[in-house]
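Undergrad: Got a sequence here, can you build the structure:
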Amino acid sequence: MNFKKILLFTFLSIPLFSQNLIGLNVNNDELEIDSSLNLNKYMDSDTSSAYIANLSYLHGVDKDLLTLGLGIYQSYGEVDGLLFGFGINSVVEEDLVALPLYAHAIYVLPFIKYIPKTNISAKVLYAPKILTFSDGEQYLEMRTEIDFDIINDVSVYGGYRAITSTYKFDKENDITDNFYGGFRYSF
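TA: Numbers count the residues shown, from 1 in each chain. Next up, the predicted model:
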């Protein structure tokens, strides 16, 4: 069994057992599969924070990128529908291994009476030299996204992602710089 089949099985099996979500997005040059697992149901904690594990695989024309992360999400004070998340990811690609820290903001639009549930989000992941290994010097990822429900537990989304890595041999590599669209299924 090759690595891609094992990876696909992992993406499909984690959400089935976790009762969370799996997503698939594409553009002309890339395919990304992502999954997340809410760890709160496995912990004896009555906190208002959500502990989230995430896994994603981005297959591009020139590079493949595998990420695994852990973060904590919490609503923000008096603003209904606003969530902030902070965490760490591990990123592996051909010439780079990094441990970027991330910040993620999600806002659920308050127009649910008039339109389907809609979220907008922005996420930034950054690994400086001290958190970048192998041939890497730095890793930077930025994403913006809009997501809206089309039926219960299924949403469509679109966004923009820019992922850049810098290497020890003074080479900057744009892993991706594209718009994308896809769907998510929540379990």
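Undergrad: So which bits of stretch 90-100 are buried?
TA: For stretch 90-100, burial by neighbour count (16 or more other Cβ atoms under 10 Å) applies to 91, 93, 96-100. From N, CA and C alone the C-beta is placed, and that goes for glycine too.
Undergrad: That should have said stretch 168-181, apologies.
TA: 173, 175-176, 180.
Undergrad: who touches stretch 129-147?
TA: Contact with stretch 129-147 is made by 91, 95-101, 118-128, 155-169, 184, as judged by Cβ atoms under 8 Å, 6 or more residues apart in numbering.
Undergrad: hmm, back to that, next step: the buried residues of stretch 90-100 restricted to strands.
TA: If you go by DSSP state E, those have 91, 93, 96-98 in strands.
Undergrad: Turn those residues into a markdown table, including pLDDT and distance to residue 144.
TA: Putting those into a markdown table (pLDDT from 0 to 100; distance: Cβ to Cβ, whole Å) gives the following:
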| residue | pLDDT | distance to residue 144 |
| --- | --- | --- |
| 91 | 96 | 19 |
| 93 | 89 | 22 |
| 96 | 89 | 23 |
| 97 | 94 | 26 |
| 98 | 96 | 21 |
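Undergrad: tell me which of those residues is nearest to residue 72?
TA: Nearest to residue 72 among those, counting by Cβ to Cβ, is residue 91 at 19.0 Å.
Undergrad: Right, I'll call it a day here.
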